[in-house]
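> for reference, the sequence and a predicted model appear below.
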Amino acid sequence: MKKTSAPQTSPKARKKKPPYPDIREVLINSEEIAEKVKAMAAKISRDYAGKEVVLVCVLKGAVVFLSDLMRHLTIPCIVDYVDWSSYGSSTSSSGVFRILRDLEESVESRHVLIIEDIIDTGLTLHYLQRHIRGRNPASVKVAALLDKPSRRKIEARADYCGFQVPDEFVVGYGLDYEQKYRNMPFVGVLKPEIYAGRDTPPDKP
Ligand code: IMP
Ligand code: MG
């Protein structure tokens, strides 16, 4: 039988710093995300069978989720992007938005599926849904990778939700803190000392 050589960790390698020193813990690893996104896409494809859908991706955080999700969808779809910037702290919505990029596609009489990275206070989604409904779509639904239900300030819910997360500030898989960490392939909890003294602690707005 052929011997399989398991990689040996040398004392030097063991001393190496972790690749993500600002992360306290990995909350959802890349395999779990991939499996969930595939299952979400299968459900969405079943629910919208025979229909065309306009995927409205909320920039910038939802881009990674969108790109994985859409490649598993078997229904015809069109992609559009919106960018809503909330005034106030960089880690929590104030509820007052500046539209940096609005829809380019007409959504009138079309099925819209909003693609969000995370629902936190619910303010972004609440007002975005209202904005889109004002354009007379055939339907509006929401797919969110993450949900922090304990932080809700206004009614907002996802029709398709990946994972519920605790009241912690998370980054990775598109989500950022000060535009960083979006490229990490997993969702992790940021070490509180990274934002301490620099901004409102995200879990205590
Ligand atoms: P909401 O308006 O409070 O629901 O916030 C929604 C937006 O805030 C999300 O689309 C994210 O961009 C951002 N956000 C909320 N919580 C987190 C987090 O834990 N990490 C990174 N971004 C977050
Ligand atoms: Mg966002």
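That came through fine. Predicted, not measured: the structure shown is a model, and the values here were computed from it. Ligands and ions are numbered 1, 2, ... in the order given.

> for Glu193, grab phi and psi.
As for Glu193, its main-chain torsions (degrees, to the nearest 10) stand at phi -70, psi -20.

> now it: how far from Ile119?
Taking C-beta to C-beta, to the nearest Å as the measure, Glu193 falls 26 Å from Ile119. From N, CA and C alone the C-beta is placed, and that goes for glycine too.

> what about the strands in the protein?
For the chain, the strands defined by DSSP state E occupy 23-28, 53-58, 77-86, 97-101, 111-119, 139-147, 160-164, 170-171, 187-190.

> for these, give me CSV that also has mean neighbour count and mean pLDDT.
Output for the strands of the chain, formatted as CSV (neighbours: other C-beta atoms under 10 Å; pLDDT from 0 to 100):
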stretch, mean neighbour count, mean pLDDT
strand 23-28, 16, 97
strand 53-58, 23, 98
strand 77-86, 16, 92
strand 97-101, 12, 90
strand 111-119, 23, 98
strand 139-147, 22, 98
strand 160-164, 17, 98
strand 170-171, 24, 96
strand 187-190, 22, 97
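
> just for this protein, where's the confidence low?
Applying pLDDT under 70 to the chain picks out residues 1-18, 87-94, 197-205.

> so which residues on it come close to ligand 1?
Residues of the chain found near ligand 1 (C-beta under 6 Å from any ligand atom) are 58, 61, 93, 116-125, 169-171, 175.

> count the neighbours of Arg182 for me.
Look at Arg182: counted by other C-beta atoms under 10 Å, it has 17 neighbours.

> and for Ser45?
Residues near Ser45, counting by other C-beta under 10 Å, number 15.
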